[in-house]
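Undergrad: Quick one, what's the 3D model for this:
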Amino acid sequence: MNKQKPTINILAVDDVNSVLFLLKNQLRQWGFNPFTATNGHEALKALETNTISLIISDQEMPQMDGLELLKNVKSKYPDIPFIMLTGYGTIDKGVESIKNGADDYVLKPYNLEELLVKINHALMFHEICESNKKLKDQLLNLFSFQNIITRSPTMMKALKLAEKVSKSVKTTVCISGESGTGKELMARAIHFESVKMENNFIAINCAGIPSGLLESELFGHVKGAFTGADKEHTGKFELAQGGTILLDEIGDMPLDLQPKILRIIQERVYEKIGSNKLINADFRIITATHRDLGKLVKDGMFREDLFHRINSFPIALPPLRYRTEDIPFLANHFLKKLREEVGKSLPGIAQKAMEALMDYNWPGNVRELKNCIERATILADNELINLSHLHIKSQIHQTSDELVDNKNINISIKPEEFTLENVINKTLSLALEKCKNNKSKAAGLLKVDRRIYYRKKKE
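TA: So this is what the prediction gives:
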């Protein structure tokens, strides 16, 4: 069955009834649904009661001329395309209408083919603009800070830092954290919450490209720059112009390439390989790493001057095992999204399954949790996700000696604060710290029920 074309309503405005009559009939022959108005005031009333896709207006009219109508339309309905009809010998007025927001103008007496071409062009351009706007809204919704789910104070602190630095588009940001903690997601949020969101976000993994090719991938090269360079190559820096580039795993960048990255940050210029032409580096640099850059500097594997330049605004993302309070929210968030993809009802996650998720150490962090829930949604059949659907190694039966390297807990409390309540709270806190924020492990170390931590939180 052929899909029916949507109705396109076009408003024609002219104070000469005979001209308006002919234009109305011509629009109908072209397949449009015409509305008419004999002056600007009638046109504005028609816009209040009808959905208009495009306006064609004569420029010379009494009471309210076409230019004044144009200004009124653009102030109230800025997205409606507007074509001005201007008399012979008044091209300057047509140009003036373009300056005031008209999409195009046509000289009278107009050529029908030319008018149809300009109508279709204006409608197509408007459709493209609307599609781009929807796409940008979707991207902003997908990569905004609001899409990063957390209840963890540490993670919320990192989010606040990222929100603040997103407004400062010339500041180089260094995001650190274990693999799977969401470094690229945070970098994208910084980009899409900034004024650079209109332009490209380019991500390149410095560890995933052989060192001999990385420089060409970043800087690009001209034809003949080296053996095999039979044509010019556009680098990632050029693609990122006006936007943001993420240098992921910068700790793995070769030492000989690091001075060139330093130059870009300091001087905001770079050159393609084989060229002496300076190119302005009009992009923000965000770096990310799971490695300890400070230790790499001490070991002579990373330049100290580059470290200080990229580390001017550090953001550290905590591993999931240090933000266990986020696990239920993240698990249910992933379940909700995956439920729609697999087309199953999947009412939720059973209590024992959720406890197992809370107990697990998550070496792969949020990425591993998402993969775990994805597998569970495939295995489950319109039922609660239970332990049998989870593919995680159980840690419940480990002894307290296996849970921590050193189970000695030293409690230091001031004499004036020495009460039973303070001793209990201090012991619980130290045990939790020893067990890297895992409540089940801390409870196992103290040989108490894990629910004591949740009761204390409510108190």
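
Undergrad: Going by neighbour count, which residues in the longest helix that the chain contains are buried?
TA: Ranked by residue count and defined by DSSP state H, the top helix of the chain is helix 112-143. Of all the residues in helix 112-143, those buried under the rule 16 or more other Cβ atoms under 10 Å are Leu115, Lys118, Ile119, Ala122, Leu123, His126, Phe143. For glycine as for every other residue, the C-beta is placed from the backbone atoms N, C-alpha and C.

Undergrad: which one of those is nearest Leu317?
TA: Leu317 has its nearest neighbour among those in Phe143, at 15.6 Å by Cβ to Cβ.

Undergrad: The longest helix of the chain - contacts with which helices or strands?
TA: In terms of contacts (3 or more Cβ pairs under 8 Å, 6 or more residues apart in numbering; DSSP states H and E), helix 112-143 is packed against strand 54-58, strand 82-87, strand 104-108, helix 183-192.

Undergrad: could you check the angle strand 104-108 makes with it?
TA: 170 degrees (axes from the mean of the first three to the mean of the last three Cα atoms, to 10 degrees).

Undergrad: List the buried residues for whichever helix or strand comes after helix 112-143?
TA: The C-terminal neighbour of helix 112-143 among helices and strands, as given by DSSP states H and E, is helix 153-166. By neighbour count on 16+ other Cβ under 10 Å, the buried set for helix 153-166 is Met155, Ala158, Leu159, Leu161, Ala162, Val165, Ser166.

Undergrad: contacting residues around the first one?
TA: Residues in contact with Met155, defined by Cβ atoms under 8 Å, 6 or more residues apart in numbering, are Ile148, Leu317, Pro318, Arg323, Asp326.

Undergrad: got a winner among these for most neighbours?
TA: Ranked by neighbour count (other Cβ atoms under 10 Å), these have Leu317 at the top, with 27 neighbours.

Undergrad: Pretty sure that residue sits against Thr181.
TA: Yes: if you go by Cβ atoms under 8 Å, Leu317 and Thr181 touch, sitting 4.2 Å apart.

Undergrad: one step back: can you put the helices and strands packed on helix 112-143 in CSV and add mean pLDDT, mean neighbour count and distance to Asp248?
TA: Formatted as CSV, the helices and strands packed on helix 112-143 follow (pLDDT from 0 to 100; neighbours: other Cβ atoms under 10 Å; distance: least, Cβ to Cβ, whole Å):
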stretch, mean pLDDT, mean neighbour count, distance to Asp248
strand 54-58, 95, 25, 46
strand 82-87, 90, 22, 46
strand 104-108, 88, 18, 45
helix 183-192, 94, 23, 7
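
Undergrad: Turn those into TSV, including distance to Asn365.
TA: Formatted as TSV, the helices and strands packed on helix 112-143 follow (distance: least, Cβ to Cβ, whole Å):
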stretch	distance to Asn365
strand 54-58	51
strand 82-87	52
strand 104-108	54
helix 183-192	10
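
Undergrad: hang on, the earlier thing: between the buried residues of helix 153-166, which sits nearest Asn386?
TA: Comparing those against Asn386 with Cβ to Cβ places Met155 closest, at 28.3 Å.

Undergrad: and stretch 216-230, how far from the chain's centre?
TA: Mean-position distance between stretch 216-230 and its chain equals 31 Å (Cα atoms, centre = their mean, to the nearest Å).

Undergrad: Do me a favour and get the end-to-end distance for that stretch?
TA: 13 Å (Cα to Cα, to the nearest Å).

Undergrad: Same question for stretch 345-352.
TA: Termini of stretch 345-352 sit 20 Å apart (Cα to Cα).

Undergrad: Only the buried residues of that stretch, if you could.
TA: For stretch 345-352, by 16+ other Cβ under 10 Å, it's Leu346, Gly348, Ile349, Ala350.

Undergrad: Let me see the domain layout of the chain.
TA: As given by automatic domain parsing, the domain ranges for the chain are 9-136, 144-223+234-318, 321-389, 401-458.

Undergrad: If you average pLDDT over each of these, which is lowest?
TA: Lowest mean pLDDT within the domains of the chain: domain 401-458, at a mean of 69.

Undergrad: So which residues of the stretch 351-459 of the chain form helices?
TA: For the stretch 351-459 of the chain, the helices defined by DSSP state H, counting those that start in this stretch occupy 351-359, 365-379, 400-403, 420-434, 439-446, 451-458.

Undergrad: thought Tyr110 was touching Leu85?
TA: Yes: counting by Cβ under 8 Å, Leu85 is a contact partner of Tyr110 at 6.5 Å.

Undergrad: Next, show the common contact partners of those two.
TA: Counting by Cβ under 8 Å, 6+ apart, no residue touches both Tyr110 and Leu85.

Undergrad: center of this structure - which residue?
TA: When Cα atoms, centre = their mean is applied to the chain, the residue found nearest the centroid is Phe143 (2.8 Å).

Undergrad: and that one, what pLDDT?
TA: 71.

Undergrad: how far away is it from Asn371?
TA: Counting by Cβ to Cβ, to the nearest Å, the gap from Phe143 to Asn371 is 20 Å.

Undergrad: Alright, calling it a day.
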